[in-house]
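Q: Next one to model:
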Amino acid sequence: QVQLVESGGGVVQAGDSLRLSCTASGPTFTEYTSAWFRQVPGKGREFVAAINWDSSYDDYDKSLEGRFTISRDNVKNTVYLQLNNLKPEDTATYYCAARSLNYVTRLLDRYNYWGQGTQVTVSL
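A: Coordinates of the predicted model:
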């Protein structure tokens, strides 16, 4: 069973930056797509960004593009999400996800593997 572990969340002020990491362990698989979603209490999990296996294609929620950047290091089995110019409305639990197909999608139910989440809190 593949396990995904996120790290890098924290409490920051508006305008600050964070870099979230998601490291995969267990049986590895090749050519998998990775993504980040986020969720606030009382709302559904929403798409943030996704990237394919060789980083040749990525996708972002349009409202976040320009502030957030997804990247990956396949040698380290790690996917990153760089969060810049954070705003209070970015406060959420951020989840890493992976699917065993090299095809980017925004659809939550297409992802087979999920991390436990890392909390990001942005204060004024």
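Q: Report the buried residues of stretch 33-46.
A: Neighbour-count burial for stretch 33-46 flags Thr33, Ser34, Ala35, Trp36, Phe37, Arg38, Arg45 (criterion: 16 or more other CB atoms under 10 Å). C-beta: built from backbone N, CA, C; applies to glycine.
Q: Show me which positions of stretch 48-64 end up buried.
A: Going by 16+ other CB under 10 Å, stretch 48-64 has these buried residues: Val48, Ala49, Ala50, Ile51, Asn52, Trp53, Asp58, Asp59, Tyr60, Asp61, Leu64.
Q: what sits opposite the third one in the beta ladder?
A: It stands for Ala50. Per DSSP bridges, the residues bridged to Ala50 are Ala35, Asp59.
Q: Kindly give the local confidence score, pLDDT, for it.
A: With respect to pLDDT, Ala50 scores 98.
Q: What's the separation between it and Lys87?
A: 21 Å (CB to CB, to the nearest Å).
Q: what mean pLDDT does stretch 23-37 have?
A: 86.
Q: just checking, Gln1 touches Pro27?
A: Yes - using CB atoms under 8 Å, Gln1 is in contact with Pro27, at 7.2 Å.
Q: which one of the buried residues of stretch 48-64 is nearest Ala92?
A: Proximity of those to Ala92 (CB to CB) peaks at Val48, which lies at 9.0 Å.
Q: what's near enough to touch the closest residue to that closest one other than its chain neighbours?
A: Nearest residue to Val48, sequence neighbours excluded (CB to CB, 6 or more residues apart in numbering): Trp36, at 4.3 Å. Shown in contact with Trp36 (CB atoms under 8 Å, 6 or more residues apart in numbering): Leu20, Cys22, Val48, Ala49, Ala50, Ile70, Val79, Leu81, Tyr94, Tyr95, Cys96, Ala97.
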